[in-house]
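Trainee: sequence and computational prediction follow.
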Amino acid sequence: MAANALPAGFSSPPAPVRRRRHKPDWLVAYAFLAPAAAVFAALIAYPLADGISTAFTDRAVAQSGHWVGLANFAALFSDQIFLHAAWNSLLLTVSTVAVKLVLGLTFAVLLSQKMPMRGLIRALAFLPWAVPGMIAALSWKWIFDEQSGVLQYLVLQLGLSDHPIYWLSDPNIAMVSVAVAMIWQGLPFFTMMFLAALASIPSDLHEAAAIDGAGMVRRFFAITLPQMRGVIAVTVMLSAIWTFNSFEMVFVLTGGGPANRTHILPTLAYQYGIGESHLGLGSAVIVSVIPVFIILIVLLTGRMLRRDEA
Amino acid sequence: MASVSLSKITKSFGGHEVLHGIDLEIGMGEFIVFVGPSGCGKSTMLRVIAGLEEITSGTLTIDGEVANGVPPGERGIAMVFQSYALYPHMTVYDNMAFGLKVSGMAKPEIDRRVRKAAEMLELTPYLDRLPRSLSGGQRQRVAIGRAVTRDPKVFLFDEPLSNLDAALRVATRLEIADLNAAMPDTTMIYVTHDQVEAMTLADRIVVFNEGRIEQVGRPLDLYERPRNLFVARFIGSPKMNVVKGEAATVYQAAMIGIRPEHLAVSAHEGLWPGKVKAIEHLGSDTFLHVEAAFADEPLIVRGRSDVPLRQGDTVHLTPEVGKIHRFNEDGVAFI
């Protein structure tokens, strides 16, 4: 009798079933991807490639231009206006995103509480998000107007200052004014994202923490904030990209002035590329920050696609 | 260890009252199970005891102290939730240590308690894991461990086995019974809609219905001596057969109840003739659903698997003498 023979009455286990392997059908996959790839190539890849290649030429409006290598970049990195605009972009992005983060969290927590007319208050809080950027910028230009603006009127009438404040023409105040307008415009996005994140936290986690003896503040920092970490990261990175790229608010409010002191990179690119007809130099302004964006986008998509954060 | 006393407790949501003056005394170290159908108020009662819902009126006393308005964290209670409610971003260790950290306990003592509870619940290998990498049964054990580490006066369980599959439910039920044996001084209040859990775990069962207590008693007392028709039909599976009309009048009652195991079945002779409508073979048991002319719904009978019966066969049923429960028109049992 063989060593592995079974006692009488037992049958041998069935042989393992061989699974047939299917070949991946690459051709069909590519056929389905082709329309989307064509749209991507025409609307995104080509303009991007053209923009990048322009940065290495002396192209001007209505002129094809010649290859100049890194000359545009060399010019930019010795240009004080460019360096100042890069600093402004960074400062504006970091400061406005930080303020929007803190205010957005605060508003979201307040708006998540039960209160009368909560729906109406939420709708009003989200309103700035629905206003087109150019309309919002023009409205703020009127608010900040140094002759007839409502802010000037209020400050003088309430006696907060005995002299007019130059909201947009004083270089020390203009960036703050721009930041205020940008915070107003971007805050609803933060509030909305955080409200949704708050609503998705199961209430029994708070109840378990309450039974564990944690008070409101402890619960916020130990339960609520960690549960919102993913949403906070995505919101901050998206907002950072949008703020860094934003154009119309600075363009309408200050146009980069006075004396180029409030330029950010997009407005400077516009000034060099369109205003002064140096398309190559204008493109170089934007191309110079592409590596920063690539890092941000890699971080963002990495965060969004990381399954274990779900 | 603590006693819990509920005196005339009511709870309303808006204008809708869901608990109507609950009175109950729970002794130190007792294992009490609240049972009842969905929406009967049993979970609300537990949440009121936990402090997660405010009391509308009445007095709650824990360990001799009035607990109305006392925050949940200061009641000396711990709770195991149906959904486990584990903190997803914390490891098993941190989940079990959180309440102790909040209380300001020294780290060595926290470590000692967490490791002791982990050992008791066989969670030691998983202490560094996040809840999402654990199975349902392991998560429920962590939830129990989190409660155990706090050494509560009163242990509350809110349908803790509902999210587990049948096999795990049995295993975890036995673990909870072991836990109760290991903590004989801790008062435990357990909410379930599963009367098997209630029968197997409870020292006493409290049957809730529409925000009121129908009956309080030891499991077998409730099974053998239900105070009314609701308790009679809720406790026991399959549920008690109820017969009205002439068949009940013979026993001088408006309704009579007979449990499936108290009906003898014969192919040839018996008190009540009927036709087999369905047969359920469960392996250990066989249940016959018998349609009888005098009964509104089929009578369920625990039959014998070795008696060859088929759907459509005529059978005769005879209730066991002394096992008939008699009820008046209002469903109240004659004692």
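Mentor: Cool, got the structure.
Trainee: count the neighbours of B:Thr44 for me.
Mentor: As a burial measure, B:Thr44 scores 22 neighbours (other Cβ atoms under 10 Å in any protein chain shown). For glycine as for every other residue, the C-beta is placed from the backbone atoms N, C-alpha and C.
Trainee: who's in contact with the helix or strand containing it?
Mentor: For B:Thr44, the host element (DSSP states H and E) is helix B:42-50. When contacts are defined by Cβ atoms under 8 Å, 6 or more residues apart in numbering or on different chains, helix B:42-50 is touched by residues A:207, A:211, B:4, B:6, B:9, B:11, B:18-19, B:22, B:34-36, B:53-55, B:60, B:62, B:72, B:75, B:77, B:79, B:154, B:156, B:158-159, B:189, B:191, B:193, B:206, B:208.
Trainee: just the buried residues from those residues, in PyMOL please.
Mentor: Buried residues among those (16 or more other Cβ atoms under 10 Å in any protein chain shown), as a PyMOL selection:
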select buried, (chain A and resi 207+211) or (chain B and resi 4+6+9+11+18+19+22+34+35+36+53+55+60+62+72+75+77+79+154+156+158+159+189+191+193+206+208)
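Trainee: where does pLDDT dip in chain B?
Mentor: By pLDDT under 70, the low-scoring segments of chain B are B:1, B:305-307.
Trainee: which positions in it make contact with chain A?
Mentor: B:50-52, B:71-74, B:77-79, B:81, B:83, B:85-89, B:98-99, B:102-103, B:132, B:146, B:150 (Cβ under 8 Å from any Cβ of the partner chain).
Trainee: now list the buried members of the residues you listed.
Mentor: Buried among these (16+ other Cβ under 10 Å): B:50-52, B:72-73, B:77-79, B:81, B:83, B:85-87, B:89, B:98-99, B:102, B:146, B:150.
Trainee: alpha carbons of the helix holding B:Thr44, in CSV - could you do that?
Mentor: What follows is helix B:42-50, C-alpha atoms only, in CSV (Å, rounded to 0.1, in the frame of the first residue of the first chain):
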residue,chain,number,x,y,z
LYS,B,42,-34.0,49.5,23.6
SER,B,43,-31.0,51.3,21.9
THR,B,44,-32.3,54.7,23.0
MET,B,45,-32.5,53.4,26.5
LEU,B,46,-28.9,52.3,26.3
ARG,B,47,-27.8,55.6,24.9
VAL,B,48,-29.6,57.4,27.7
ILE,B,49,-27.7,55.3,30.2
ALA,B,50,-24.5,56.1,28.3
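Trainee: may I see the buried residues of that helix?
Mentor: The neighbour-count check on helix B:42-50 (16+ other Cβ under 10 Å) flags B:Lys42, B:Ser43, B:Thr44, B:Met45, B:Leu46, B:Arg47, B:Val48, B:Ile49, B:Ala50 as buried.
Trainee: next SSE downstream of it?
Mentor: Per DSSP H and E, the first helix or strand lying C-terminal to helix B:42-50 is strand B:57-62.
Trainee: who's in contact with that following strand?
Mentor: For strand B:57-62, contacts defined as Cβ under 8 Å, 6+ apart pick out B:2-10, B:21-22, B:48-49, B:66-68, B:75-77, B:153-154.
Trainee: which residues touch B:Ile55?
Mentor: Residues in contact with B:Ile55, defined by Cβ under 8 Å, 6+ apart, are B:Ile9, B:Thr10, B:Lys11, B:Val48, B:Asn68.
Trainee: re the thing from before, please flag which of the buried ones among the residues of chain B next to chain A sit within helices.
Mentor: Mapping those onto helices (DSSP state H) picks out B:Ala50, B:Phe98, B:Gly99, B:Val102, B:Arg146.
Trainee: could you list which residues are in contact with B:Pro319?
Mentor: By Cβ under 8 Å, 6+ apart, the contact set of B:Pro319 is B:Ile256, B:Ile258, B:His262, B:Leu263, B:Ala264, B:Leu271.
Trainee: quick check on the residues you listed: which are buried?
Mentor: Buried among those by 16+ other Cβ under 10 Å: B:Ile256, B:Ile258, B:His262, B:Leu263.
Trainee: give me the angle between the helix holding B:Thr44 and strand B:57-62.
Mentor: Put simply, helix B:42-50 runs at 70 degrees to strand B:57-62, going by axes from the mean of the first three to the mean of the last three Cα atoms, to 10 degrees.
Trainee: close to chain B, is stretch A:196-216?
Mentor: Yes - contact of stretch A:196-216 with chain B (Cβ under 8 Å from any Cβ) involves A:Pro202, A:Asp204, A:Leu205, A:Glu207, A:Ala208, A:Ala209, A:Ala210, A:Ile211, A:Asp212, A:Gly213, A:Ala214, A:Gly215.
Trainee: which one among the contacts of B:Pro319 gets closest to chain A?
Mentor: Among the contacts of B:Pro319, B:Ala264 lies closest to chain A (Cβ to the nearest Cβ), at 37.8 Å.
Trainee: and B:Tyr190, helix, strand or coil?
Mentor: Put simply, B:Tyr190 is strand when judged by DSSP: H, G, I helix; E, B strand; the rest coil.
Trainee: excluding chain neighbours, what is closest to it?
Mentor: Among residues not flanking B:Tyr190 along the chain, B:Phe157 sits closest, at 4.2 Å (Cβ to Cβ, 6 or more residues apart in numbering or on different chains).
Trainee: would you say the one you found is within a strand?
Mentor: Yes - according to three-state DSSP, B:Phe157 belongs to a strand.
Trainee: so how far is B:Gly99 from it?
Mentor: As for B:Phe157, its distance to B:Gly99 is 16 Å (criterion: Cβ to Cβ, to the nearest Å).
Trainee: among the contacts of strand B:57-62, which are in strands?
Mentor: Among these, DSSP state E puts B:Val4, B:Ser5, B:Leu6, B:Ser7, B:Lys8, B:Ile9, B:Thr10, B:Gly21, B:Ile22, B:Val66, B:Ile77, B:Val154 in strands.
Trainee: okay if I get these as CSV plus distance to A:Thr243?
Mentor: Shown next, in CSV, are those (distance: Cβ to Cβ, whole Å):
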residue, distance to A:Thr243
B:Val4, 56
B:Ser5, 60
B:Leu6, 57
B:Ser7, 60
B:Lys8, 60
B:Ile9, 55
B:Thr10, 54
B:Gly21, 59
B:Ile22, 57
B:Val66, 55
B:Ile77, 48
B:Val154, 52
